[in-house]
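Asks: I need the structure of the sequence given here:
(2 chains)
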Protein chains: 2
Amino acid sequence: MNIEEFFELSAGKWFSHRTSHHLAFKQSEGGKSDIIIETLPADHPEVIKLCEQHQVEFNSGFGARVTWNGTMEWDQEKHEGSTVLVAIPNLDNPMEGKLLREMGYAEKTPVAGTYKMGSDDALTLTTEYETMWSEERLWFASPNLRMRVGILKRFGGFSMASFTSEIRMGGTPAAKTNDAATNTTS
Amino acid sequence: MNIEEFFELSAGKWFSHRTSHHLAFKQSEGGKSDIIIETLPADHPEVIKLCEQHQVEFNSGFGARVTWNGTMEWDQEKHEGSTVLVAIPNLDNPMEGKLLREMGYAEKTPVAGTYKMGSDDALTLTTEYETMWSEERLWFASPNLRMRVGILKRFGGFSMASFTSEIRMGGTPAAKTNDAATNTTS
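Replies: Coordinates of the predicted model:
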């Protein structure tokens, strides 16, 4: 699978269930969210704008918009937002490249990281911040069940590990008659 | 890394923090446990006994005993126990083989599954039960931080995904002066 196919398979509406383990405190924190992922064409104004912000020449690549609407365990308030991602494959090896984000996970400012598609079809995203480093591995257990494991380093030490299971809502077009729990079978 | 090295790196005392996502119910459940992993020599009586139980000829392989002492969120009672594992590499490809367990995760009876060491140093364990199928991926984010992601299928549909972060208690001999939160750095 290449990055474009990964984006396409990610498109749709998902129920996203996230648990973070705060390693130093041995505490966990949960969050649930509905997520909508839309692929954006290369000439979409938001893709062009993000490339300009990062001063990256957009030769080829793939964009997506991620919109979320969820709650965190600790406040039960609504957390809503959206961000745009653009993947720009390396010219010599398209299985790796840059990943631009309108908004980072750890900081609410534009960030540029890297992506790597593995031979096992898992996508690894790495982002370096000033005092932080984050890595996230995403893969599909089936076309309707996406899994994510993230790890965050602060000041050189691992501080948080997080796990997200994401179930496609409504299923794929071919499996829409089943419910989410059973059509997670590939 | 081969399976023997993975066992050796796993040896020690760990704080294990597990979260399970019940996919159909969109609920999570947490558990915390202290875990002790000891490697067992090939001629250890428990290794020999487990091979006999499974009627497996033990040409070469590696054993371990895992002992746990923890609590689950839902009852706060102590959960204690121990089990023995034996990995028996395939003769033609030692990066894959059988994994015998005195006690399975899903059923409290002896089970035989398979293991596969990936080129990315992750260990994948697959077990088929009568009506269930489980897969677990284990890897080291650093020598002092082990991660595990498991998935369970029942009657053909994914029913549970689980995530475990495990911090080495006391650290490795070389890093014993640091605390667990900071010496998770590789």
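Asks: Which of the helices or strands spans the residue positioned nearest the centre of chain A?
Replies: The centroid of chain A falls nearest to residue A:138 when counting by Cα atoms, centre = their mean (7.4 Å). With elements taken from DSSP states H and E, the one containing residue A:138 is strand A:132-142.
Asks: Can you give me the neighbour number for the closest residue to residue A:12 other than its chain neighbours?
Replies: Counting by Cβ to Cβ, 6 or more residues apart in numbering or on different chains, residue A:12 lies nearest to residue A:168, which is 5.7 Å off, once chain neighbours are set aside. In short, each C-beta sits where N, CA and C put it, glycine included. For residue A:168, the count of nearby residues is 23 (other Cβ atoms under 10 Å in any protein chain shown).
Asks: Next, the buried residues of the longest strand seen in chain A.
Replies: In chain A, assigned by DSSP state E, the strand with the most residues is strand A:27-40. By 16 or more other Cβ atoms under 10 Å in any protein chain shown, the buried positions in strand A:27-40 come out as A:28, A:30-33, A:35, A:37-38, A:40.
Asks: Isn't residue A:155 up against residue A:131?
Replies: Yes - taking contacts as Cβ atoms under 8 Å, residue A:155 lies within contact range of residue A:131: 5.8 Å.
Asks: hang on, the earlier thing: measure the residue nearest to the centre of chain A to residue A:123 for me?
Replies: Between residue A:138 and residue A:123 the distance, using Cβ to Cβ, to the nearest Å, works out to 5 Å.
Asks: which residues are common contacts for these two?
Replies: residue A:6 (Cβ atoms under 8 Å, 6 or more residues apart in numbering or on different chains).
Asks: ok, which residues in chain A are in contact with chain B?
Replies: Contact residues, chain A versus chain B (Cβ under 8 Å from any Cβ of the partner chain): A:15, A:17, A:19, A:21, A:23-24, A:26, A:28, A:30, A:32, A:118-120, A:141-142, A:145, A:147, A:149, A:151, A:153, A:156-159, A:161, A:163, A:165, A:167, A:180-185.
Asks: can you pull the buried residues of stretch A:112-127?
Replies: Counting neighbours by 16+ other Cβ under 10 Å, one finds that the buried residues in stretch A:112-127 are A:112-117, A:122-125, A:127.
Asks: gap between it and the chain center?
Replies: Mean C-alpha position of stretch A:112-127 versus that of the full chain (Cα atoms, centre = their mean, to the nearest Å) differs by 10 Å.
Asks: And for stretch A:16-34?
Replies: From the chain centre to the centre of stretch A:16-34 is a distance of 16 Å (Cα atoms, centre = their mean).
Asks: For it, what does the pLDDT average out to?
Replies: Mean pLDDT, stretch A:16-34: 94.
Asks: same check, this time on stretch A:146-164
Replies: Rounded mean pLDDT across stretch A:146-164 is 95.
Asks: So in that sheet, which strands flank the helix or strand containing residue A:152, and in what orientation?
Replies: Under the criterion of DSSP H and E, residue A:152 resides in strand A:145-154. Sheet partners assigned to strand A:145-154 using DSSP bridges are listed as strand A:132-142 (antiparallel), strand A:157-168 (antiparallel).
Asks: Name the residues of it that come out as buried.
Replies: Result for strand A:145-154 [16+ other Cβ under 10 Å]: buried residues A:145-153.
Asks: Distance to residue A:11 added to the residues you listed, as CSV?
Replies: Converted to CSV, the buried residues of strand A:145-154 look like this (distance: Cβ to Cβ, whole Å):
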residue, distance to residue A:11
A:145, 15
A:146, 11
A:147, 17
A:148, 16
A:149, 21
A:150, 21
A:151, 26
A:152, 27
A:153, 31
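Asks: Which parts of chain A are helices?
Replies: A:3-10, A:45-53 (DSSP state H).
Asks: Go through these and find the least confident stretch.
Replies: Out of these, helix A:45-53 stands lowest, with a mean of 90 (criterion: mean pLDDT).
Asks: by contact count, what packs against that one?
Replies: strand A:62-72, strand A:78-89, strand A:96-101 (3 or more Cβ pairs under 8 Å, 6 or more residues apart in numbering or on different chains; DSSP states H and E).
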